[in-house]
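1. following is a predicted model, sequence given first.
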Amino acid sequence: MKKVFGPGVLLICILVLLLLWLVPPFVERSKNQVEDHGPFALSDQTVALHKTLLVADLHADSLLWSRDLRKKSTYGHVDLPRLREGNVAIQVFPAVTKSPRGMNYESNEADAPDNIKLLAMAQLWPPKTWDSILERAYYQAEKLAYLEENEPESLKIIRTRSDLKMVLAERANRGSQKVAALLAMEGAHPFEGKLTNIQNLYNVGYRMAGLQHFFDNELGGSLHGTSGEGLTAFGRAAVVLMDDMNMIIDVAHSSPQVVKDTLAITERPVIVSHTGMRGLCDTPRNISDSLMRLIANKGGLIGIGYWADASCDTSPEGIAKMIRYAVDVVGVDHVALGSDFDGAVTTGFDTSELPALTQALMFAGFKEPEIRKVMGENVRDFFLKWLPEK
């Protein structure tokens, strides 16, 4: 006998679809906020200088959310139109694949319920991503590839030095506003304890990996975990293999001992993609200045974040003050931008408003060559040296 859905079932289906349409944007609006402010008053000198800068950002978690990054949004921090407005030439997009319920900067259990599973389900990610961290990394790589395929004049995924050189040449010679996008991992737990997965993830485009996020994993202790331990045997093997593959290592969420262990065995410099300096902003999110010096002494790069727990002041002037402090501690060649845009943080400006940071650096007494380095040339030079050649 033919069965017909009754009005009650139809109503439930409509309500479910309505929730799926409304909930993800609501969640992001509550997480990725920009503090209320009027238009930034920019001088003609600032506007002229910013247009000539090569701007690079080491960390924006935009792939996590359901927004269409092809379109300018009224919420969140990053999309292609706003990247163009901010004159961003290089943007690192890390894949967030797991975060513990009750996430905090002091201590998180590795087996705590997983927020990303709920978000994946609410945003209708493929069911295979709901219980697989590796599949979540694959899916976010597919999202960036889709963006490149549909906006080829606006974005190019860079996997090699040659890719980056191509984008930079187009921007310099043809007036292109194409963004060089680097795919990264917010924690290396998508390896799932298997060295073979490093190659698998490399094959789909990943060229940078944070070792930890907010919890201890198979590679070692997190800055926000429970053990405080260094690299495990698997972690050491993974670091050596990543080194051999010219994959950039990010220690932004790693325990101090993991950072020390990594520096001791890696032959290449590491980065701290999004952070603050603890000597100026003494929070559990930031590692010690002495450890930052060790990273810089080995050729590493420090990306300064824009949110309160990293900078203690989210205004352009506050970020410029943090950059000044970082330059004084580690040197101007080792400081960069690492916004943490779209990383469930509140900032004082979005990526379209980066000229306000340029002006704040000018007011803070930075010379033009220093501004150029910090705003992006240091990242450019690092990637041109340490990305795979082919």
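-> Perfect, thanks for sending it.

2. from residue 49, how far off is residue 337?
-> 16 Å (C-beta to C-beta, to the nearest Å). C-beta coordinates here come from the backbone N, C-alpha and C atoms, glycine included.

3. who has more neighbours, these two?
-> Shown here are residue 337 and residue 49; by other C-beta atoms under 10 Å, residue 337 has more neighbours (27 against 19).

4. any idea how far the most centrally placed residue in the chain lies from residue 45?
-> Residue closest to the average C-alpha location in the chain (C-alpha atoms, centre = their mean): residue 59, at 2.2 Å. Separation of residue 59 from residue 45 (C-beta to C-beta): 29 Å.

5. ditto for residue 202
-> Residue 202 sits 44 Å away from residue 45, going by C-beta to C-beta.

6. more crowded one of the two?
-> Neighbours of residue 202 and residue 45, each counted by other C-beta under 10 Å, are more numerous for residue 202; the result is 19 against 11.

7. helix, strand, or coil at the more buried one?
-> Three-state call for residue 202 (DSSP: H, G, I helix; E, B strand; the rest coil): helix.

8. residues touching the closest residue to it other than its chain neighbours, list them.
-> Once flanking residues are discounted, residue 202 sits nearest to residue 245: 6.0 Å by C-beta to C-beta, 6 or more residues apart in numbering. Counting by C-beta atoms under 8 Å, 6 or more residues apart in numbering, residue 245 touches 198-199, 202, 388.

9. now those residues as JSON lines including pLDDT, secondary structure and distance to residue 343?
-> JSON lines is the format used below for the contacts of residue 245 (pLDDT from 0 to 100; DSSP: H, G, I helix; E, B strand; the rest coil; distance: C-beta to C-beta, whole Å):
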{"residue": "198", "pLDDT": "98", "secondary structure": "helix", "distance to residue 343": "24"}
{"residue": "199", "pLDDT": "98", "secondary structure": "helix", "distance to residue 343": "27"}
{"residue": "202", "pLDDT": "98", "secondary structure": "helix", "distance to residue 343": "24"}
{"residue": "388", "pLDDT": "97", "secondary structure": "coil", "distance to residue 343": "26"}
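
10. need the buried ones from the residues you listed selected in PyMOL.
-> A single PyMOL command selects the buried members of the contacts of residue 245 (16 or more other C-beta atoms under 10 Å):
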select buried, resi 198+202
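
11. quick check, nearest of the contacts of residue 245 to residue 183?
-> residue 202 (10.0 Å; C-beta to C-beta).

12. could you report the separation of that closest one from residue 184?
-> 12 Å.

13. ditto for residue 367
-> Applying C-beta to C-beta to residue 367 and residue 184 gives a distance of 31 Å.

14. which of those two has more neighbours?
-> Using other C-beta under 10 Å, the more surrounded residue of residue 367 and residue 184 is residue 184, with 25 against 11.

15. surely the more buried one is in a helix?
-> No: counting by three-state DSSP, residue 184 is not part of a helix but strand.

16. do you know how far it is from residue 341?
-> For residue 184, the distance to residue 341 - C-beta to C-beta - is 14 Å.

17. in space, what's closest to the residue nearest to the centre of the chain - neighbours in sequence excluded?
-> Nearest one to residue 59, counting by C-beta to C-beta, 6+ apart, is residue 274 at 4.0 Å.
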